[in-house]
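> Predicted model and sequence follow; I will ask about them next.
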Amino acid sequence: MLKVVHLNTYDGNGGAGRACIRLNRALLSQNIDSKIIVNYKFGKNPQIKTFNENLIQKRYALSLSRKVCRAVSSSRALILLEYGIVGF
């Protein structure tokens, strides 16, 4: 089963955030496990998670985004990133 995690800077603010939400809904409608994780959460959508609640989570998010970038070159997975996420 395909699993997708969308990493984005914001949850619906701006074009990338809105597109991320639309992609997530489309994937969910096709029974694909899809989740959204953002750096800055402004909305109240409980399905959108954030890793920006404390300093430890911010550091973990930076580490995770670097690992994901390295993994892209060594796997067959399609990973789309908005690179602003690493600029804490």
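Good, I have the coordinates.

> In this protein, spot the helix with the most residues.
Secondary structure assigned by DSSP state H gives helix 55-72 as the longest helix of the chain.

> Please export the C-alpha coordinates of it as PDB.
This file holds the C-alpha atoms of helix 55-72, laid out as PDB (Å, rounded to 0.1, in the frame of the first residue of the first chain):
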ATOM      1  CA  LEU A  55      12.600  23.200  20.400                       C
ATOM      2  CA  ILE A  56      13.200  19.500  20.400                       C
ATOM      3  CA  GLN A  57      10.600  18.900  17.700                       C
ATOM      4  CA  LYS A  58      12.000  21.700  15.600                       C
ATOM      5  CA  ARG A  59      15.500  20.100  15.800                       C
ATOM      6  CA  TYR A  60      14.000  16.700  14.900                       C
ATOM      7  CA  ALA A  61      12.200  18.200  12.000                       C
ATOM      8  CA  LEU A  62      15.400  19.700  10.600                       C
ATOM      9  CA  SER A  63      17.100  16.400  11.000                       C
ATOM     10  CA  LEU A  64      14.200  14.500   9.400                       C
ATOM     11  CA  SER A  65      14.100  16.800   6.400                       C
ATOM     12  CA  ARG A  66      17.800  16.300   5.800                       C
ATOM     13  CA  LYS A  67      17.400  12.600   5.900                       C
ATOM     14  CA  VAL A  68      14.500  12.700   3.500                       C
ATOM     15  CA  CYS A  69      16.600  14.700   1.000                       C
ATOM     16  CA  ARG A  70      19.400  12.200   1.200                       C
ATOM     17  CA  ALA A  71      16.900   9.300   0.800                       C
ATOM     18  CA  VAL A  72      15.500  10.700  -2.400                       C
END
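
> List the buried residues in that helix.
In terms of neighbour count (16 or more other CB atoms under 10 Å), helix 55-72 has its buried residues at Ala61, Leu62, Leu64, Ser65, Val68. For glycine as for every other residue, the C-beta is placed from the backbone atoms N, C-alpha and C.

> now the third one: how far from Thr9?
Right, the one you point to is Leu64. Leu64 sits 14 Å away from Thr9, going by CB to CB, to the nearest Å.
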